[in-house]
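>>> With the input below, show me the fold.
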Amino acid sequence: MGGYISVVGLTLAVCLGLVHIFVSRARWLAWIPESWWISGAGGVSIAYIFLDIFPEFNQAQTEVEDSGGWLVGYLE
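As a prediction, this is how the structure comes out:
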């Protein structure tokens with residue numbers, strides 16, 4: 001499973017690099033308002049938070065609760 005994720009990540013990184021290289025040749029992007037790009041970027045960032053960051057927070061919370069430290073009991 002780890003090899004598959006690495007290949008997907010590498011492919012996405014190469015695609016992103018190609019977008020950055022060739023975006024100056026995309027004249028059709030001139031008519032799209034800038035607010036559209038900002039809105040899309042905001043949506044992608046929120047999706048990243050929900051799909052990647054929140055599960056890590058859940059795992060960290062479980063580890064802290066299982067540690068049984070005195071501070072966890074105090075904070076509850």
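
>>> Poorly predicted segments of the chain, please.
1-5, 28-30, 32, 34, 36, 72, 75-76 (pLDDT under 70).

>>> any idea which residue sits dead centre in it?
The geometric centre of the chain, computed from its C-alpha atoms, lies nearest to Tyr48 (Cα atoms, centre = their mean), at 3.3 Å.

>>> Quick one: list the elements packing against the helix or strand containing it.
Take DSSP states H and E as the rule and Tyr48 turns out to sit in helix 34-48. Other elements packing on helix 34-48 under the criterion 3 or more Cβ pairs under 8 Å, 6 or more residues apart in numbering; DSSP states H and E are absent; no helix or strand qualifies. In short, each C-beta sits where N, CA and C put it, glycine included.

>>> After it, which helix or strand is next? Please name it.
Per DSSP H and E, the first helix or strand lying C-terminal to helix 34-48 is helix 54-67.

>>> Just the CA atoms of that following helix, as CSV, please.
What follows is helix 54-67, C-alpha atoms only, in CSV (Å, rounded to 0.1, in the frame of the first residue of the first chain):
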residue,chain,number,x,y,z
PHE,A,54,-9.0,15.9,11.4
PRO,A,55,-8.3,12.1,11.4
GLU,A,56,-4.8,12.9,12.7
PHE,A,57,-6.4,15.0,15.5
ASN,A,58,-8.7,12.1,16.4
GLN,A,59,-5.7,9.7,16.6
ALA,A,60,-3.8,12.1,18.8
GLN,A,61,-6.8,12.6,21.1
THR,A,62,-7.1,8.9,21.6
GLU,A,63,-3.4,8.6,22.4
VAL,A,64,-3.6,11.4,25.0
GLU,A,65,-6.8,9.9,26.6
ASP,A,66,-5.1,6.5,26.8
SER,A,67,-2.0,7.9,28.4
